[in-house]
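K.L.:
Any chance you can model this:
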Amino acid sequence: MTAAHHSATSETILDAILSSLDDDKAEEIVTIDLRGRSEMADWMVICSGRSTRQVVSIAEKLTDRLKQGQGVLCKVEGKESGDWVLIDAGDVIVHVFRPEVREFYQLEKMWLPQGQSAGATER
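P.N.:
So this is what the prediction gives:
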């Protein structure tokens, strides 16, 4: 697989993820470009759901849509508690948090480049 094809694949998956999160009313969606910074993925997406129920619903619908639309089988962790669900879609890692849990862990601060705001980022 060439780098260009690999990138297009991660972009397609990222677009599908962002569309799904938007459809399910995820809040404060942040996209972090990890290309050249991490071996684990090309992109990280962080978002919030207003409640445990919404966090679980966002995660379930996202994994279903990726499987149906992209043929991507995701690894999912944390769905039982609904506080923080980690979805590994290969080239894109998605974190869905309840707002209090997101504030506690502050992943954006760890991964965003120095000086970049933790607000919604554009690719």
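K.L.:
Run through the strands of this structure in chain order.
P.N.:
27-33, 43-48, 75-77, 84-88, 92-97 (DSSP state E).
K.L.:
Could I get these in TSV, plus columns for mean neighbour count and distance to Ser57?
P.N.:
C-beta here means a position set from N, CA and C on the backbone, and glycine is covered the same way. Below are the strands of the chain laid out as TSV (neighbours: other C-beta atoms under 10 Å; distance: least, C-beta to C-beta, whole Å):
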stretch	mean neighbour count	distance to Ser57
strand 27-33	17	13
strand 43-48	23	13
strand 75-77	13	13
strand 84-88	20	10
strand 92-97	26	10
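K.L.:
what's the spacing between Arg35 and Val92?
P.N.:
As for Arg35, its distance to Val92 is 11 Å (criterion: C-beta to C-beta, to the nearest Å).
K.L.:
Overlap of the contact sets of the two?
P.N.:
When contacts are counted by C-beta atoms under 8 Å, 6 or more residues apart in numbering, Arg35 and Val92 have Asp42, Trp43 as shared neighbours.
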